[in-house]
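> Here's a sequence, model it:
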Amino acid sequence: MSRKNFLEESEILNQNGRMRVKTLWTLLSISILVFLILDCGGQIQEKPIAGCERISGTPGPEDLDLIRDISTVIVSSHERRNGLKDIGALFEVSLQDTNQKLEAKKIETNYPENFRPHGISYAKVKGVDTLAVISHTLVDENPHTIEIFERSKAGKWTHTKTLSDPTLTSPNDIFMNEAGEIFASNDNGTSNAFRKYWDMIIRSARADIAYYDGKTFQALDVPVMLGNGIYIRKKGNAELLYRSVFAEKAIRVYQVDRTAGKINLKYLESIAIGAGPDNILEDENGILWLAAHDSTYKFIRHVMNKTNLAPTRVFKINPENKEVTEVYANEGAEISAGSTGLVFKNKLLISQVFEDFLLVCPRP
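Numbering: from 1, shown residues only. Down below sits the predicted model:
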């Protein structure tokens, strides 16, 4: 074969290869589009709360947690548009005097490199105010980490530790208890974008929970499709783990079994929400509160352009009788893609995934 013929044939092979890749991605895009259209959602019945106001200055305040002792909300903030290039931070909102105008103040601390916070959890671990924060570093070696911060008696937060492990495949939300144990809910079984899309297409349940006992990690072998919020509450001597499963529009409930010094989760039931549930928190009366996304299609459109509105719905769940009550619903004009509902004293704070404000409303 002449050099000319060889080059011509090589170019044909390259073109065929590119066509195959292009065809594959076209089919993949069509499949994803079909998946989204199946969950495009219709018009929701709005349920407003009069007197809501914005707390501005927190880009992408996706998750919240509460330090009750000092009446302070911690906010996880990260600008998620712009290709995730921006670095995030933590903010504080004091609720000591809820009659005053609330403000978000950035926590000044020694943030780790590549800090892009997502789910957060507060606990007083061995008497020390402690935060566990999921961070998406975008670094090949450890793309996802859990960053630990501790608060001194003087009120100064300090980053003290970085945790990483292969079981953190795509962590979304996190729960930490007073013993320092951490439960991280993955929303996918991989960080690989192609495999994530493929799992959605074939509806593969690969999103597990990663458990950290203070020394080592393990997977708890309860995979779902699109895991999300996670919370553990005690009922007598029992521990119940609540996990949002976006694809099922439900909360799964597990009993935490600590037999023989090992952690196992026993599935008990699912609580239907009717929308894709996000983060879960508990109020002073033991009622669970969560935000939920009504439409995957509208959420994705909002990801692409902030002018595309995405509904926000907030629910409360009575864990004793499993009664689910919707307390707030908005098509997105007041707040789009709400992700957390936190209740304290006379206020309801609603966070969101992308825009730069929290919504604070009178407690419903």
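> What pLDDT is listed against residue 318?
In this model, residue 318 is scored at 98, pLDDT.
> Just to check, it is in contact with residue 287?
Yes: using CB atoms under 8 Å, residue 318 makes contact with residue 287 at a distance of 6.1 Å. Where C-beta positions appear, they are placed from N, C-alpha and C, glycine not excepted.
> More neighbours: the two, which one.
residue 287 (16 against 13; other CB atoms under 10 Å).
> Now that one. Nearest residue, chain neighbours left out?
Spatially, and ignoring its direct neighbours in sequence, residue 287 is nearest to residue 316 (5.2 Å; CB to CB, 6 or more residues apart in numbering).
> Surely residue 115 touches residue 84?
No: contact criterion CB under 8 Å: residue 115 and residue 84 do not qualify, at 12.0 Å.
> Between those two, which is the more surrounded one?
Taking neighbours as other CB under 10 Å, residue 115 and residue 84 compare with residue 115 leading, 18 against 13.
> That one: helix or strand, and which one exactly?
Following DSSP states H and E, there is no helix or strand that holds residue 115.
> and the gap between it and residue 147?
Using CB to CB, to the nearest Å, we find residue 115 at a distance of 7 Å from residue 147.
> which residues are common contacts for these two?
residue 135 (CB atoms under 8 Å, 6 or more residues apart in numbering).
> Check which residues of stretch 61-77 are buried.
Using 16 or more other CB atoms under 10 Å as the test for burial, stretch 61-77 gives 61-67, 72-77.
> brain fart, stretch 125-134
125, 129-134.
> ok, how many other residues are close to the residue nearest to residue 309 when sequence neighbours are not counted?
Closest residue to residue 309 apart from its sequence neighbours, by CB to CB, 6+ apart: residue 332 at 2.9 Å. Residue 332 has 20 neighbouring residues, counting by other CB under 10 Å.
> give the contact list for residue 332.
Applying CB under 8 Å, 6+ apart to residue 332 gives the contacts 298, 302, 309-312.
> Please apply the same query to residue 342.
Contact analysis of residue 342 by CB under 8 Å, 6+ apart lists 64-66, 73, 281, 289, 348-351.
> Output those in TSV, with secondary structure and pLDDT appended to each entry.
Formatted as TSV, those follow (DSSP: H, G, I helix; E, B strand; the rest coil; pLDDT from 0 to 100):
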residue	secondary structure	pLDDT
64	strand	98
65	strand	98
66	strand	98
73	strand	98
281	strand	98
289	strand	98
348	strand	98
349	strand	98
350	strand	98
351	strand	98
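> quick revisit: so how far is residue 303 from the residue nearest to residue 287?
27 Å.
> Also residue 224?
Taking CB to CB, one finds residue 224 at 22 Å from residue 303.
> Counting neighbours, go ahead and name the busier of the two.
Using other CB under 10 Å as the criterion, residue 224 and residue 303 rank with residue 224 on top: 23 against 15.
> okay but that one is in contact with residue 251, surely?
No: look at residue 224 against residue 251 with CB under 8 Å: they stay out of range, at 11.1 Å.
> Report the set of residues contacting both of these two.
243, 245.
> Quick check: closest non-adjacent residue to residue 210.
residue 167 (3.8 Å).
> Helix, strand or coil: sort out residue 340 for me.
Per DSSP: H, G, I helix; E, B strand; the rest coil, the local secondary structure of residue 340 is strand.
> quick one: it from residue 224, how far?
Taking CB to CB, one finds residue 340 at 20 Å from residue 224.
> returning to that earlier point: from the buried residues of stretch 125-134, which single one is nearest residue 229?
residue 134 (12.1 Å; CB to CB).
> Report the secondary structure element holding that closest one.
With DSSP H and E as the test, residue 134 turns up in strand 128-136.
> now for that strand, which elements pack on it?
Counting contacts by 3 or more CB pairs under 8 Å, 6 or more residues apart in numbering; DSSP states H and E, strand 128-136 packs against strand 117-125, strand 144-151, strand 171-176.
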